[in-house]
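In: what follows is a predicted protein model with its sequence.
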Amino acid sequence: MIAARFSLLTLLLLLASGSVATSPPRIAIIIDDLGYGLDAGQRAIDLPGPISFAVLPGTPRARALAVSAHESGKEVLLHLPLQATPNDNINDPLSLNLDMNRREFGDTFERALSSVPFAIGVNSHRGSMLTRHPGHMQWLMDEIQARDNLFFIDSYTTHESVALQIAREVGIDARKRDVFLDPDQDPETVVREFERMKTLAQERGSIVAIGHPYAATLDLLERELPKLAAEGYQLVTISELMKSR
């Protein structure tokens with residue numbers, strides 16, 4: 001007992017003095033919505049560090065950008081469109097919707113996954129309607145589970161999402177987004193959210209941030225990503241963050 005108390009006291013003193021190294025906060029950044037603009041998508045892929053890229057299936061540049069990201073040593077995710085609201089008029093290719101039956105749902109998922117080569121995981125695109133429905137989220141997790149080694153990231157566009165809960169119940173490696181870097185394209189917003197990302201990383205130890213290939217976002221990331229290590233943060237791939245859970 002005395003030895004145990006002494007060891008604990010010694011550890012606390014070492015931590016207080018900085019003699020024991022602690023792991024730096026880890027940050028995984030995913031850039032969503034690749035697949036339409038070739039120039040913006042390639043500029044995103046050229047960002048320094050282990051950034052991951054979520055590619056919209058069935059879009060004109062999906063395959064080319066997925067291949068480019070993979071050849072650049074970057075990780076690729078399927079950015080799966082899920083129904084947002086009943087009045088939403090945006091029609092993304094290969095979107096999963098509430099009015100689909102089970103077979104249509106599965107067939108569409110398969111086509112979406114096939115259109116994005118090298119995808120190692122799935123993250124949701126929009127989905128404020130569909131992610132609230134347990135039945136459809138069960139279908140989605142069944143499809144993901146049927147493919148070996150895919151993980152799931154809930155972009156978490158609504159606090160009513162049950163996607164993460166069901167993924168974990170099924171046994172899929174899953175996590176939700178912590179920060180959107182660019183809820184709008186104002187450069188001041190991007191700066192604010194980037195700083196919030198760092199604060200949350202310090203508080204939580206690790207964090208998932210999502211951005212988009214907007215000019216303001218890419219401007220900031222090109223400027224700030226090279227500084228993260230010196231500021232005490234570790235930028236990691238999304239798969240590395242998932243494996244360490």
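Out: Arrived safely, thanks for sending.

In: can you tell me the element the most centrally placed residue in the chain falls in?
Out: In the chain, the residue lying closest to the centroid (Cα atoms, centre = their mean) is residue 30, at 4.7 Å. Residue 30 belongs to strand 26-34 when assigned by DSSP states H and E.

In: where along the chain do the helices fall?
Out: Secondary structure of the chain (DSSP state H): helices located at 2-17, 38-45, 62-71, 102-114, 134-145, 163-170, 187-204, 215-224, 238-243.

In: which residues does the fifth one contact?
Out: Spelled out, it's helix 134-145. Residues outside helix 134-145 that contact it (Cβ atoms under 8 Å, 6 or more residues apart in numbering): 80, 96, 98, 102, 105-106, 109-110, 122, 130-131, 150, 152, 162-163, 166-167, 170-172. Heads up, the C-betas are built off the backbone N, CA and C, glycines and all.

In: mind checking which of these are buried?
Out: For the contacts of helix 134-145, a burial check counting by 16 or more other Cβ atoms under 10 Å picks out 80, 96, 105-106, 109, 122, 130-131, 150, 152, 162-163, 166-167, 170, 172.

In: out of these, who's nearest residue 212?
Out: residue 80 (15.9 Å; Cβ to Cβ).

In: so that closest one makes contact with residue 126?
Out: No. Using Cβ atoms under 8 Å, residue 80 makes no contact with residue 126, being 9.6 Å away.

In: counting neighbours, which bits of the strand holding residue 30 end up buried?
Out: Here strand 26-34 shows 26-34 as buried, counting by 16+ other Cβ under 10 Å.

In: now, which of those sits nearest residue 74?
Out: Nearest member of these to residue 74, counting by Cβ to Cβ, is residue 31, at 9.3 Å.

In: okay, now stretch 92-107: how far is its last residue from its first?
Out: With Cα to Cα, to the nearest Å as the measure, stretch 92-107 spans 16 Å from end to end.

In: can you find the helix or strand of this structure with the lowest average pLDDT?
Out: helix 2-17 (a mean of 45; mean pLDDT, DSSP states H and E).

In: for residue 171, which non-adjacent residue is closest in space?
Out: Of all residues not flanking residue 171 in the chain, residue 145 sits nearest, at 7.1 Å (Cβ to Cβ, 6 or more residues apart in numbering).

In: so what strands line up beside the strand holding residue 30?
Out: strand 52-55 (parallel), strand 206-211 (parallel), strand 234-235 (parallel) (DSSP bridges).

In: next one: the first one to chain centre, how far?
Out: A distance of 8 Å separates the centroid of the chain from that of strand 52-55, by Cα atoms, centre = their mean, to the nearest Å.

In: quick one: residues in contact with that strand.
Out: 28-35, 44-45, 62, 65-66, 69, 74-79, 116, 119, 123, 125, 210, 237-239.

In: now that strand: mean pLDDT?
Out: Taken as a whole, strand 52-55 has a mean pLDDT of 98.

In: CA atoms only: put that strand into CSV for me.
Out: Extracted in CSV, the C-alpha atoms of strand 52-55 (Å, rounded to 0.1, in the frame of the first residue of the first chain):
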residue,chain,number,x,y,z
SER,A,52,-9.3,12.7,-45.5
PHE,A,53,-11.8,13.2,-48.4
ALA,A,54,-15.5,12.4,-48.6
VAL,A,55,-16.6,12.0,-52.2
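
In: tell me where the model's unsure across this protein.
Out: The model of the chain has pLDDT under 70 over residues 1-21, 86-90, 245.
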